[in-house]
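A.B. asks: Predicted model, plus sequence, below.
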Amino acid sequence: MEAPMKCICFLVFLVILGISEFTPVYGAGECGKSSPDNEAFKLAPCAAAAQNVNAPVSSRCCSQVKKIGQNPSCLCAVLLSNTAKMAGVNAEIAITIPKRCNIADRPVGYQCGAYTLP
């Protein structure tokens with residue numbers, strides 16, 4: 001009698017769980033609680049500089065890169081994100097932006113996918 005009762009309680013638990021539309025909670029990723037795709041929108045001022053190595057890099061772009069670049073894994077995730085790709089960002093060029101901004105404490109040599117931060 002005890003085993004069927006445990007089985008019924010377990011089934012009731014599963015039904016309640018299903019009714020409550022349980023969704024998993026994900027931990028923080030490369031960019032903390034924000035996704036790399038969301039962070040990529042903050043780099044909109046860098047659009048031209050991320051597509052053309054000869055394009056000037058604006059101070060607004062450099063300011064955002066410096067903020068996001070405090071976490072190198074986040075910066076890499078942003079530069080390689082789907083949002084960046086859809087915006088036409090060339091990762092090989094975009095990876096040069098911290099250097100083009102003359103950010104002194106940039107993570108030189110940091111491996112970012114197939115690219116290395118100069």
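C.D. replies: Received, thanks.

A.B. asks: which residues in this structure form helices?
C.D. replies: 2-19, 36-40, 59-68, 72-79, 82-86, 91-94, 97-100 (DSSP state H).

A.B. asks: Need the pLDDT of Gly29.
C.D. replies: Model confidence at Gly29, given as pLDDT, is 88.

A.B. asks: Hmm, it is touching Ala77, no?
C.D. replies: Yes. Taking C-beta atoms under 8 Å as the definition, Gly29 is a contact partner of Ala77 at 7.4 Å. (C-beta placed from N, C-alpha, C; glycine too.)

A.B. asks: which one of these two has more residues nearby?
C.D. replies: Per other C-beta atoms under 10 Å, whichever of Gly29 and Ala77 has more neighbours is Ala77, with 22 against 13.

A.B. asks: How far does stretch 42-50 stretch from one end to the other?
C.D. replies: The straight-line separation of the ends of stretch 42-50 (C-alpha to C-alpha, to the nearest Å) is 13 Å.

A.B. asks: which of the residues in that stretch are buried?
C.D. replies: Residues of stretch 42-50 classed as buried: 42-43, 45-47, 49-50 (neighbour count, 16 or more other C-beta atoms under 10 Å).

A.B. asks: Now do it, average pLDDT.
C.D. replies: 96.

A.B. asks: neighbouring contacts of that stretch?
C.D. replies: 55-58, 60-61, 64-65, 67-68, 78-79, 84, 87-90, 93-94, 97, 100 (C-beta atoms under 8 Å, 6 or more residues apart in numbering).
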